[in-house]
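Chemist: my questions are about this predicted structure, shown below with the sequence.
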Amino acid sequence: MSYGIEVTGEDTNGSYLVTDSSKDLINYTVVATGSATSVNLTNTQGLKPLVFIKPPSGATISNTLYGCQFSTGNIRTFKKATLTYTSSNNSVTIGALSDATMDYFVVKDMTGITYSGSDTYGVQILTSNGDVAVDSRRFLSNDTFTISNIKGARTVSGNGGQIYYDTTRRYVNSEFTSMFAPTNLAEEQVQAILWMTNQARFYGYYNDESFGPPNGSTMYFNNFSTIMSAELR
Amino acid sequence: MAVLQTKYVNVGAIGTFVYGYFFSTSFTYGTLSNTSGGSQDSSLSSVVSGAVCELVRYATSSGGSVQMSIKGSSSAPSATVFDTLKIAGTSFARSAASSSVSGNTRTWSWSSISTNPFGTTTGANKLVTWETTTSTPTYTLTAPTSINEGSAGTFNIATTNVSTGTSLYWSVTSPTQFTGSTTGTVTTNSSGAASFSVTPTADSTTEGALTVTARVRTSSQSGTIVDSDTFVVNDTSTTPGGSGGGGQSGGSGSGGYGVEIFGPDNSSVVFGSNLRCTSIQVYDSRIYQGNTSHSFTGIADATDSAKVEVILSSAYGTSTASYGYARTSANGGTITVSNTQNGARTLQTVILRIG
């Protein structure tokens, strides 16, 4: 590059690029962490906010699907439901949804973070488009994160395909999840996460009166969106 | 026996009849990855350049069989590109397999296999290796202990079981501290040796000693690192001093250089040269008509999944939905997102820089 700023680093896995103003890289950073039944992303969204979730230590995980529902006002409500498997026709169904307390952290890109103070010092890096790539005033949290594993869209079986394998429970992004199960169970559309002691699995399926239990088999779909697992450092 | 490539199969199944891994644009079971439980990566470039593994499975029918397919980038691979396929510790000699070709894909089949090497537990992770009887090559890079600024230092590469004339690709870190090339290609001589030199810049600046890493790779400058060594650049070219007294006395730097941004607690580093960060390079949402694609160009390191990742998002659909992306080095790095089903689909693409 002939101008601008480039930051590179080096660790045991080799060199890496931290930022480069000539490549229009907009930094992702953690803006909130906690444990709650919902999270409010506020009105400033940025390009692609991500909410990573996992069941807290001690939470029920056996045969329990977790996901979220999207409410008005950019609120995501975390939900859980008990998963029941019928081996005779390879079908699954969930019971009633209930609110779930989840450990979570939210990451946003710099364009989605509003600095409300009045400091005029620090470091700001702009992209060639004038977007904020990095602004030292927009780091609202002391936490940082790393993406541990990525499963490409359409690569994970909806019939319990593996999202990650690790004895340490990881966070999984929630954007792909949805849990729709009317009380009469006539129709279910589910894309959700089943955590186990050493891994997490994906369930994506559709049941209706014609195809689903008790009259037929569940229709499983691979993941329609990329699934990421991540950790706070 | 040298291992050409190592993969892991996260075992998928069709009923109780087939166990293992299969991937196509329309139907998939199991996962092939580079780490146990890792993300899908079917590349078998260390077996055949540019090739991918489409299938490695056990089928119970007809007395039991193992099949493995490799799809070449432009033609079917030779039947002898490996000598042994090993699945979870069980070896399958290529010489005992029959092979057939369909298009760019060659499939090797072993019949009368009574024991399923994958086992019957779906989701289990099984080690799969492609091996050759060729002796394992070794590479040893020896750097000078230190090099003074303005002086050239020579690095020696010694190899065993490497053919004469083999290209090796070297590089050093901190390239701005050197005059002349900081990357290059050398070829091994009849003794399996090669060498290269670098020269730290005499910069007339006092910045202290600098520790630098030299690396040797095979295949390309982004290929596998086969050896590395470190050396110290001695700060022998310092800032010219004035005639007056005072000023700080000498002392070399501690190596604690770079950029750091601290979080609100003024002690946690949240951004900096010692921290791998994640950035959005591309955000895009558009409607892809049936069987169309869109390319995002100028994505440096697009072919390196350790540096660039692609996040695709789409709405709920049907089991026939089929879309994905491909990486090439064309046009400064290109990510091409494709919708390979007949119907239109809205796809959101986020290209992340992760390393």
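Modeler: Cool, got the structure. Only a predicted model underlies this, so the values are computations on that prediction, with no experimental measurement involved.
Chemist: from here on, just use CA atoms for contacts and neighbour counts.
Modeler: Fine.
Chemist: quick check: beta-bridge partners of B:P200?
Modeler: Per DSSP bridges, the residues bridged to B:P200 are B:F178.
Chemist: what about B:G38, neighbour count?
Modeler: 23 (other CA atoms under 10 Å in any protein chain shown).
Chemist: pretty sure it contacts A:N149?
Modeler: Yes: under the criterion of CA atoms under 8 Å, B:G38 makes contact with A:N149 at 6.6 Å.
Chemist: what's the pLDDT at the residue in the stretch 101-250 of chain B positioned nearest to chain A?
Modeler: Here the stretch 101-250 of chain B gets closest to chain A at one residue, B:G123, 6.5 Å apart by CA to the nearest CA. Predicted confidence (pLDDT) at B:G123: the value is 92.
Chemist: ok, it to B:A13 distance?
Modeler: 9 Å (CA to CA, to the nearest Å).
Chemist: overlap in contacts of those two?
Modeler: B:G30 (CA atoms under 8 Å, 6 or more residues apart in numbering or on different chains).
Chemist: wait, what's in contact with A:M102?
Modeler: With CA under 8 Å, 6+ apart, A:M102 has these contacts: A:35-37, A:53-56, A:78.
Chemist: quick check: bridge partners of it?
Modeler: Counting by DSSP bridges, the residues bridging with A:M102 are A:A36.
Chemist: equivalent analysis for A:L194, please.
Modeler: Applying DSSP bridges, one finds that A:L194 bridges with A:L65, A:R201.
Chemist: ok, it - contacts?
Modeler: A:61, A:63-66, A:160, A:200-203.
Chemist: nearest to chain B, of those?
Modeler: Nearest to chain B, judged by CA to the nearest CA, of the contacts of A:L194 is A:G160 at 8.3 Å.
Chemist: can you tell me how far the closest one is from A:T86?
Modeler: Applying CA to CA to A:G160 and A:T86 gives a distance of 14 Å.
Chemist: one more: A:T226?
Modeler: 28 Å.
Chemist: comparing the two, which residue is more hemmed in?
Modeler: Using other CA under 10 Å as the criterion, A:T226 and A:T86 rank with A:T226 on top: 21 against 13.
Chemist: hmm, B:Y323 and that one touching each other?
Modeler: No: if you go by CA under 8 Å, A:T226 and B:Y323 don't touch, sitting 11.4 Å apart.
Chemist: list the residues that contact both of these two?
Modeler: With CA under 8 Å, 6+ apart as the test, A:T226 and B:Y323 both reach A:153-154.
Chemist: residue ranges for the strands of the stretch 201-350 of chain B, please.
Modeler: With DSSP state E, counting those that start in this stretch as the criterion, the stretch 201-350 of chain B has strands at B:210-217, B:225-234, B:260-262, B:269-272, B:279-288, B:292-297, B:308-313, B:323-328, B:334-339, B:345-353.
Chemist: the ones you listed into JSON lines, with extra columns for mean pLDDT and mean neighbour count?
Modeler: Converted to JSON lines, the strands of the stretch 201-350 of chain B look like this (pLDDT from 0 to 100; neighbours: other CA atoms under 10 Å in any protein chain shown):
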{"stretch": "strand B:210-217", "mean pLDDT": "88", "mean neighbour count": "19"}
{"stretch": "strand B:225-234", "mean pLDDT": "88", "mean neighbour count": "18"}
{"stretch": "strand B:260-262", "mean pLDDT": "84", "mean neighbour count": "17"}
{"stretch": "strand B:269-272", "mean pLDDT": "84", "mean neighbour count": "22"}
{"stretch": "strand B:279-288", "mean pLDDT": "92", "mean neighbour count": "17"}
{"stretch": "strand B:292-297", "mean pLDDT": "95", "mean neighbour count": "15"}
{"stretch": "strand B:308-313", "mean pLDDT": "91", "mean neighbour count": "22"}
{"stretch": "strand B:323-328", "mean pLDDT": "92", "mean neighbour count": "18"}
{"stretch": "strand B:334-339", "mean pLDDT": "94", "mean neighbour count": "20"}
{"stretch": "strand B:345-353", "mean pLDDT": "92", "mean neighbour count": "21"}
